[in-house]
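Enquirer: pasting a predicted model and its sequence here:
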Amino acid sequence: MAIRKAVILAAGHGTRFLPATKAVPKEMLPLVDKPVIQYVVEEAVAAGLQLIVLVTAGAKRSVEDHFDRNPELEQLLEATNKDAALQEIRRVAHLAEIAFVRQKERRGIAHAALMARHVIGDEPFALFFPDDIIVSSVPAIRQLISVHEEHGGSVVAVQRLPRQEVVHYGVIGAEPLEERVYRVNRIVEKPSVEEAPSDLATVGRFVLAADVWPLLERTPPDANGEMQLTDSLAMMLDAGLPLFACEFEGERFDTGRPLGLLKASVALALRREDTGPALKRYLRSLSLS
């Protein structure tokens, strides 16, 4: 069955950005002039996904508002002849068919994904963590969908990281099938450097086959009471279900951390004609001072 739907998990507290995220969802923090969440929605749209389910939580109404119409603002922009801004906010409001569901209790990633089941139905779907912004000529999620179309099963995005960094991620053990594609035989959440099965760490893009739903439901809570997706994927392997990994092509930014958000902002601003030249001059002036 073709991948038609996406789930974007946007229910986290964003504690690394406090006090900024006390009243503003971390997904609404800006990368230049667009919120983080918009980049992820645009990636899903560019990959041809037709329905996007955003899983949010309390105090995140602004995420929903961002993708809705704002007639008062549109009238103001029209009256003041700010045509470019008017066209952009109208474009955002019509980016995709978007459904919103709430995770009323923060009980982990697997639990958050389950909140979307009644919208997704019993079919495969794409799953996004919005902290990971991936800039690539072919959308990262499209690269995973291509692996799914060729091999079936579920697919995780992976990136090679220094050994000392993999302790913060899920890490796979795998055998290569073709260039940048692996068959996963083991997955471990946040292993020690010594216990990590490889340097291939999972990042926030997944294509999940429909057989993941009962596994998500049965995923046991960890010591913090959270249901982790890595545990669901380990159960998938234990059940003999196929799991593949795609070492995506592209540049990834972890915007869930302040330094990662700053790096992404600078990198994206440098690539734009309206901000790049002036920012380059400013950065050069800093290096000379």
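Expert: Sure, I can see it.
Enquirer: output the below-cut-off pLDDT ranges for this structure.
Expert: Scanning the chain for pLDDT under 70 picks out the ranges 288-289.
Enquirer: can you give me the helices in it?
Expert: Counting by DSSP state H, the chain has helices at residues 36-46, 61-66, 71-79, 83-93, 109-114, 117-120, 140-151, 212-218, 229-238, 258-270, 276-288.
Enquirer: out of the ones you listed, nearest to V171?
Expert: Between V171 and the helices of the chain, the shortest separation by CB to CB is 9.2 Å, and it involves helix 229-238. For every residue, glycine as well, the C-beta is placed using N, CA and C.
Enquirer: need the contact partners of the closest one.
Expert: By CB atoms under 8 Å, 6 or more residues apart in numbering, the residues outside helix 229-238 that reach it are 108-110, 113, 154, 156, 170, 184-189, 202, 206, 211-212, 215-216, 218-220, 222, 243.
Enquirer: out of the residues you listed, which are buried?
Expert: 108-110, 113, 154, 156, 170, 184, 187-188, 202, 206, 212, 215-216, 219, 243 (16 or more other CB atoms under 10 Å).
Enquirer: need the contact list for the residue lying closest to F244 once chain neighbours are set aside.
Expert: Leaving aside its sequence neighbours, F244 sits nearest to V155 (CB to CB, 6 or more residues apart in numbering; 4.8 Å). V155 makes contact with 144-145, 147-148, 206-207, 243-246 under the criterion CB under 8 Å, 6+ apart.
Enquirer: and the two most separated of the residues you listed?
Expert: I145 and L243 (15.2 Å).
Enquirer: show me what contacts the residue nearest the centre of the chain?
Expert: With distances taken as CA atoms, centre = their mean, F129 lies nearest the centre of the chain, 2.7 Å away. Applying CB under 8 Å, 6+ apart, we find F129 in contact with 9, 109, 203-205.
Enquirer: how much space between it and V63?
Expert: F129 sits 15 Å away from V63 when distances are taken as CB to CB, to the nearest Å.
Enquirer: contacting residues for Q228?
Expert: By CB under 8 Å, 6+ apart, the residues touching Q228 are 108-110, 189, 219, 222.
Enquirer: cool, thanks, talk later.
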